[in-house]
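**Q** predicted model and sequence follow; I will ask about them next.
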Amino acid sequence: MKLIPVITAIFVTAFLYMLIIDRDRLFAIAQIDGDAANAATGSSQVTTPGIGVVALRSTAREVDDAVVLRGRTEAAREVEVRAETSGRVVSDPLRKGAFVETDELLCELDPGTREIDLAEAKARLSEAESRVPTAEAAQAEAQARLREAEINLSNAQRLSKGGYQSETSVISAEAAMEAAAAQVQSAASGLVSARAGIDAARAAVAAAEREIDKLSIRAPFDGLLETDTAELGLLMQTGAPCATVVQLDPIKLVGFVPEVDVDKIRVGAPARGRLASGPPLTGEVRFVSRSADETTRTFRVEVVVPNADLQIRDGQTAEIMIETDGRQAHLLPQSALTLDDDGRLGVRLVDGEATDAVARFAPVALLRDTAQGVLVAGLEPEAAIIVVGQEYVTDGVRVSPSFREAGQ
């Protein structure tokens, strides 16, 4: 028991000796230990690994680019068929939703006195046609009298020169010839008038027939009735609606493209459409507007798609994808996309060698979504894209990547 206090006293005495007598050596030893500790700490910092992430070695590929629009379906044609004359409806109505063919009867109006008017016009035509032979005969008679007057004048002049007839006879013959010439002109005018009467009578007949044709209001094209036709017994006035007909085959997909994309779209370009329900649609661009909307500064684009079964309705919301020239793009999992502090869409890249790699943000342009992932543009042809852990790193942060090839 007495040994422990003795040992303690020896250590205390030695420490006091070093502190008082050999203090410089004690501080030197302490400095060496401190440097060794600092060196050990620095070595630990240098060899500290970065944040573990999984990166995808991606190579850009040529893909068909597309302009994606939000739009709606629109009937190829929609017409409100109206009456061109007045009358009472005498046909049974057709109900909305019914399919009608071109020239199919929609509304029939009571003819009233129109058939009598047509009969009168035809009678006047016959009368006018009967005047023509009389006028032609009168013209022929006048021409014959003119020739007779010319002969009489010639004889009178010859006899007058021989002294066998007086000058008065010559003057009388000249007057008779002038009268005959006037009769010829009058007969010719009568013939022209008779023929004009025929033309006028024919026009009256055509007008009466046209007025009767207006009594039958027919479908202008194949389509569906959007409204019931006019009810039986309704008195329709000129301009009153009979029915509304829409043509849904083919049907249009209508969207509005911004200025930055309008030059990418060409008439005839292949296009696809997707509705809220139903199979995908395929068609082609039929129209690209040359004039921008005054409010939105966008341009109207129309895509025509077949709709033989009439399952696509007018006014449905549609997503429209119009193919444009191809461009280089990377195929990535959608989860690899992230946002920077400014709200820009992009990805995190592994920048540098694997032993000294840091994270770097790169903005991208989203082209379209596919079943295998998303296609993005705006990156270098070869890129190491962080696909796991990108939300836990920022620009300049050291990373320790584990790489995988595309398709794994």
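**A** Cool, got the structure.
**Q** which residues does stretch 136-154 contact?
**A** Contacting residues not belonging to stretch 136-154 are listed as 170, 173-174, 176-177, 179-181, 183-184, 186-188, 190-191 [CB atoms under 8 Å, 6 or more residues apart in numbering]. Every residue, glycine included, has its C-beta placed from N, CA and C.
**Q** give me the subset of these lying in strands.
**A** In strands, judged by DSSP state E, none of those are found.
**Q** just the buried members of these?
**A** Neighbour counting over these (16 or more other CB atoms under 10 Å) leaves 170, 173, 176-177, 180-181, 183-184, 187, 190-191 as the buried ones.
**Q** and those residues, which is closest to residue 62?
**A** residue 191 (81.7 Å; CB to CB).
**Q** what domains does the record give for the chain?
**A** 51-64+327-405, 80-110+215-241, 114-213, 246-323 (automatic domain parsing).
**Q** relative to residue 73, which of those domains is closest?
**A** Using CB to CB as the criterion, the shortest distance between residue 73 and the domains of the chain is 4.5 Å, found for domain 246-323.
**Q** and that closest one, average pLDDT?
**A** Regarding domain 246-323, the rounded mean pLDDT is 94.
**Q** low-confidence stretches in the stretch 101-250 of the chain?
**A** Across the stretch 101-250 of the chain, residues meeting the criterion (pLDDT under 70) sit at 162-166.
**Q** and the helices in it?
**A** Along the stretch 101-250 of the chain, counting by DSSP state H, counting those that start in this stretch, helices occupy 114-162, 167-213.
**Q** what angle do the shortest one and helix 114-162 make?
**A** Right, the one you point to is helix 167-213. Interaxial angle of helix 167-213 relative to helix 114-162 (axes from the mean of the first three to the mean of the last three CA atoms, to 10 degrees): 170 degrees.
**Q** now residue 301: which helix or strand?
**A** strand 299-305 (DSSP states H and E).
**Q** right, and the domains of the chain - which one's nearest residue 74?
**A** Comparing the domains of the chain against residue 74 with CB to CB, the closest turns out to be domain 246-323 (4.5 Å).
**Q** how long is stretch 290-302 end to end?
**A** Its first and final residues considered, stretch 290-302 spans 12 Å by CA to CA, to the nearest Å.
**Q** show residues contacting it.
**A** Applying CB under 8 Å, 6+ apart, the contact partners of stretch 290-302 are 69, 71, 74, 252-259, 262, 265, 285-289, 320, 322.
**Q** what is the distance between it and the centre of its chain?
**A** Offset of stretch 290-302 from its chain centre (CA atoms, centre = their mean, to the nearest Å): 10 Å.
**Q** quick one: the helices in the stretch 251-400 of the chain?
**A** Under the criterion DSSP H, counting those that start in this stretch, helices of the stretch 251-400 of the chain are mapped to 259-262.
**Q** and the strands in it?
**A** Taking DSSP state E, counting those that start in this stretch, the strands of the stretch 251-400 of the chain run over residues 270-275, 281-288, 299-305, 317-323, 327-332, 338-339, 345-351, 358-363, 365-369, 374-377, 382-388, 399-405.
**Q** select, out of these, the one closest to residue 227.
**A** Closest approach to residue 227 among these (CB to CB): strand 317-323, 23.7 Å.
**Q** contact partners of the closest one?
**A** 64-73, 253, 255, 265, 269-276, 281, 285, 301, 303, 368.
**Q** can you flag the buried ones in those residues?
**A** Of those, these count as buried by 16+ other CB under 10 Å: 65-69, 71, 73, 253, 255, 265, 269, 271-273, 275, 281, 285, 301, 303.
**Q** partner residues bridging the closest residue to residue 289 other than its chain neighbours?
**A** Excluding the flanking residues, the one nearest residue 289 by CB to CB, 6 or more residues apart in numbering is residue 300, at 4.0 Å. With DSSP bridges applied, residue 300 shows beta-bridge pairing to residue 256.
**Q** burial measure for residue 300, as a count.
**A** For residue 300, the neighbour count with other CB atoms under 10 Å is 16.
**Q** same check on the one 10 residues further on?
**A** If you count neighbours by other CB under 10 Å, residue 310 ends up with 13.
**Q** between the strands of the stretch 251-400 of the chain, which one is closest to residue 222.
**A** Of all the strands of the stretch 251-400 of the chain, it is strand 299-305 that lies closest to residue 222, at 16.0 Å by CB to CB.
**Q** quick one, that closest one and strand 317-323 angle?
**A** Interaxial angle of strand 299-305 relative to strand 317-323 (the same axes, to 10 degrees): 90 degrees.
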